[in-house]
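> fold the following and give me the result.
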Amino acid sequence: MVKSFPVIWLLGLSGAGKSTLARSLVENLQREGLPVELLDGDVMRAQTGAHGFTRKERLEHLKSMSDLAASTSTSGKIVVSAFITPYEEARIYLRQKCFRYIEVWVSTPLEECERRDVKGLYAKARRGEIKNFTGLDDPFEIPKQYDLKIETLKSEKETAEILWTLLKERI
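Coordinates of the predicted model:
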């Protein structure tokens with residue numbers, strides 16, 4: 001059997017706090033001296049020349065990132081991933097692909113995500129300038145099965161500490 005490190009997959013709406021929590025988690029893991037790799041949705045799309053945003057294109061991109069996460073975990077690193085991951089179909093694929101998969105639903109109300117939106121993406125989507133925007137004209141399917149659900153209405157520091165406390169025993 002191949003030794004596999006955990007794949008910790010943070011999912012939720014744009015602006016939910018996934019990337020912030022992922023970076024904090026990576027810092028905690030590094031302080032513990034553990035090998036870790038961060039896969040952030042925005043960064044990975046830029047690096048890979050990313051697919052589009054239709055359902056089919058998103059699923060293709062998420063499957064590709066799932067394969068990368070699985071490969072990285074079997075090569076000896078803990079993987080921390082932050083992707084919207086709006087479809088249950090992609091999450092099922094992840095569970096099948098990644099041996100030690102930990103799904104963290106970053107549950108943040110749509111109104112709060114819009115309030116935090118420093119890039120102005122929600123406003124552009126509401127004006128019709130962006131199509132297939134998750135949570136507005138493309139669905140975010142509420143996870144049916146997850147390992148942890150964390151709400152990000154507290155401060156970033158408090159939320160990151162809660163997540164670290166919940167996860168460190170599973171790693």
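> got the phi and psi for residue 149?
The phi/psi pair for residue 149 (degrees, to the nearest 10) reads phi -120, psi 130.
> which residues are in contact with the closest residue to it other than its chain neighbours?
Spatially, and ignoring its direct neighbours in sequence, residue 149 is nearest to residue 105 (4.7 Å; C-beta to C-beta, 6 or more residues apart in numbering). (C-beta placed from N, C-alpha, C; glycine too.) By C-beta atoms under 8 Å, 6 or more residues apart in numbering, the contact set of residue 105 is 11, 12, 143, 146, 148, 149, 150.
> from those, which is closest to residue 129?
Nearest to residue 129, judged by C-beta to C-beta, of the contacts of residue 105 is residue 12 at 22.7 Å.
> tell me, how many residues neighbour the closest one?
Per other C-beta atoms under 10 Å, the neighbour tally for residue 12 reads 28.
> ok, the residue nearest the centre of the chain to residue 126 distance?
Of all residues in the chain, the one closest to the mean position by C-alpha atoms, centre = their mean is residue 82, 2.6 Å from it. Computed with C-beta to C-beta, to the nearest Å, the distance linking residue 82 and residue 126 is 24 Å.
> can you check residue 10 too?
Counting by C-beta to C-beta, the gap from residue 10 to residue 126 is 25 Å.
> same question for residue 134.
13 Å.
> more neighbours: those two, which one.
Taking other C-beta under 10 Å, residue 134 and residue 126 do not tie; residue 134 has more neighbours (22 against 13).
> may I have the beta-bridge partners of that one?
residue 138 (DSSP bridges).
> any idea how far it lies from residue 102?
Applying C-beta to C-beta, the value for residue 134 to residue 102 is 22 Å.
> before we move on, what about residue 87?
Between residue 87 and residue 102 the computed distance is 19 Å (C-beta to C-beta).
> again with residue 5
Distance of residue 5 to residue 102, computed by C-beta to C-beta: 11 Å.
> show me what the helix or strand of the chain with the lowest mean pLDDT is packed up against.
Counting by mean pLDDT, DSSP states H and E, the chain has its least confident helix or strand at helix 41-48, which shows a mean of 82. Applying 3 or more C-beta pairs under 8 Å, 6 or more residues apart in numbering; DSSP states H and E, we find helix 41-48 packed against helix 18-31, helix 55-74.
> looking just at contacts, which helices and strands does the longest one meet?
Translated: helix 55-74. Short answer (3+ C-beta pairs under 8 Å, 6+ apart): helix 55-74 packs on strand 7-11, strand 36-40, helix 41-48, strand 78-82, helix 88-97.
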